[in-house]
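> What follows is a predicted structure for the sequence shown.
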Amino acid sequence: MMNRAPVLIGAVVLGLAGLAAGTSAQEDDLASVSAALAPRAEGLIVARCSVCHSSDLVSQQRLPKDRWLATVDKMKHWGAEISDDEADLLVRYLSARYHPAAPDHLPPLDSEVRTSEPLTQEPASTGPLVGVAGRGAGIFEHNCQACHGAGATGGMGPKLAKNPILKHEDLFWETVLHGRGPMPAWGAVLSHQDIADIHAWLLAR
């Protein structure tokens, strides 16, 4: 029995070292993600995941990377509008931020969303934005249809086709960029051109 003590102690030390190394790697990964991509990942969580889940539900989890990968894959299988690149970013960010050794209390998800850059980068415009309705249809389907229904006819969110808000462009932009009520902010996900295209398509409905 006494001979087993050093072995057990060694196993515990190695286990703790492995945990520390894993946590350190996760923290390093989070640092690399945070530098340029964390605000975009947070924007995705607010825009994509909050269609069905509150951000609190996400932030309460403490899962290893393989579990986050399985969770994101399951959400895609169930119909979440997430591209492969977006899914990869979400898994990297979630597994680095909400790993099993993460503290109980972390800054809120949307702490940086309002100041983050959009996922879709567009060249700087030299004049006023002109929405392209044909492009707006696809952007709406990928980002908005889950709540506002096919053809913008309504669903969990209000009907947008022929909605009076379309005539109040400033209010429309304010709502899309910064959110209102249960609708999350989309300013970290959609570029200004994306929003102009959606607006043009909705006006044509």
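Structure received.
> Could you give me the buried positions within stretch 173-186?
Residues Thr175, Val176, Leu177, Gly179, Met183, Pro184, Ala185, Trp186 are the ones in stretch 173-186 that count as buried (16 or more other Cβ atoms under 10 Å). Heads up, the C-betas are built off the backbone N, CA and C, glycines and all.
> out of the residues you listed, who's nearest Val132?
Val176 (16.4 Å; Cβ to Cβ).
> So what touches the helix or strand containing the closest one?
According to DSSP states H and E, Val176 maps onto helix 169-178. Identification of contacts with helix 169-178 by Cβ atoms under 8 Å, 6 or more residues apart in numbering yields Arg114, Ile165, Leu166, Arg180, Met183, Ala185, Trp186, Gly187, Leu190, Ile195, Ile198, His199.
> Could you identify the helix or strand that succeeds that helix?
Next in line after helix 169-178, if elements are assigned by DSSP H and E, sits helix 192-203.
> What helices and strands are in contact with that next one?
helix 133-143, helix 169-178 (3 or more Cβ pairs under 8 Å, 6 or more residues apart in numbering; DSSP states H and E).
> orientation of the helix holding Val176 relative to helix 192-203 in degrees?
Orientation of helix 169-178 against helix 192-203 (axes from the mean of the first three to the mean of the last three Cα atoms, to 10 degrees) gives an angle of 130 degrees.
> doesn't Leu202 make contact with Gly131?
No. The criterion here is Cβ atoms under 8 Å, and Gly131 misses it with Leu202 at 9.2 Å.
> the more surrounded of these two?
Leu202 (23 against 19; other Cβ atoms under 10 Å).
> In the chain, where is pLDDT below threshold?
The chain contains residues with pLDDT under 70 at 1-37, 46-47, 50-51, 53-55, 107-127.
> Break the protein down into its structural domains.
Following automatic domain parsing, the chain resolves into domains at 18-104, 133-203.
> What's the end-to-end length of the shortest one?
It stands for domain 133-203. One end of domain 133-203 to the other measures 8 Å (Cα to Cα, to the nearest Å).
> please begin residue numbering at 13 from this point
Right, with 13 as the first residue, what we last looked at is domain 145-215.
> Tell me which helix or strand the nearest residue to Lys88 once chain neighbours are set aside sits in.
Closest residue to Lys88 apart from its sequence neighbours, by Cβ to Cβ, 6 or more residues apart in numbering: Ile94 at 5.5 Å. Assessed by DSSP H and E, Ile94 sits outside every helix and strand.
> pretty sure Ile94 is touching Lys86, no?
No. Contact criterion Cβ under 8 Å: Ile94 and Lys86 do not qualify, at 11.2 Å.
> higher neighbour count, these two?
Shown here are Ile94 and Lys86; by other Cβ under 10 Å, Ile94 has more neighbours (19 against 10).
> what's the distance between the more buried one and Asp206?
16 Å (Cβ to Cβ, to the nearest Å).
> what touches both of Gly143 and Leu214?
With Cβ under 8 Å, 6+ apart, Gly143 and Leu214 have no common neighbours.
> ok, back up a step: which ones are touching the residue nearest to Lys88?
Going by Cβ under 8 Å, 6+ apart, the list of residues near Ile94 reads Leu56, Arg60, Val84, Met87, Lys88, Leu102.
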